[in-house]
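K.L.:
My questions are about this predicted structure, shown below with the sequence.
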Amino acid sequence: QVQLQESGPGLVKPSQTLSLTCTVSGGSITTKSYYWNWIRQPPGKGLEWMGAIRHSDGTYYSPSLKSRTSISRDTAKNQFTLQLTSVTPEDTAEYYCARSRGLYSSNPVDREQYDYWGQGTQVTVSA
């Protein structure tokens, strides 16, 4: 059974960089055919796909967030990390990591396209 767990600060100040880590257990992030995604849900809004990293280390980003987003991985720890720079209160959201077999970059996110999800972590951007 694959499990994903997000971790990171719950409060970030405006203009700072948000950094979240997803720790994966029960499966390797280097297994072929999988994408490891970051998805968020602002209050009162739908799920938004932010980006993904592939088993081969290729990265893919939402055009609207590409200039501020970076996804990397640590294969030794079986983790992948999201960094979002220059955050504003509009980046306040529940952040999720999730696994998929394909690259699904359209919004809103269809939950059925992802087979495993983390429980989510709330991030608030406020001074």
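P.N.:
Great, that's in hand.
K.L.:
Every contact and neighbour count from this point should use C-alpha atoms.
P.N.:
OK.
K.L.:
Give the burial count for Leu84, as a bare number.
P.N.:
Other residues within reach of Leu84, judged by other C-alpha atoms under 10 Å, total 19.
K.L.:
Quick check: Leu65 touching Met50?
P.N.:
Yes. The pair Leu65 and Met50 passes the contact test of C-alpha atoms under 8 Å, sitting 6.8 Å apart.
K.L.:
Looking at the two, which one has more neighbours?
P.N.:
Neighbours were tallied for Leu65 and for Met50 using other C-alpha under 10 Å; the higher tally belongs to Met50 (27 against 14).
K.L.:
what helix or strand does that one sit in?
P.N.:
Remark: Met50 resides in strand 48-54, with elements defined by DSSP states H and E.
K.L.:
and whichever helix or strand comes after that strand, which strands flank it?
P.N.:
Tracing the chain C-terminally past strand 48-54 and defining elements by DSSP H and E, one meets strand 59-61 next. Taking DSSP bridges as the criterion, strand 59-61 forms sheet pairs with strand 48-54 (antiparallel).
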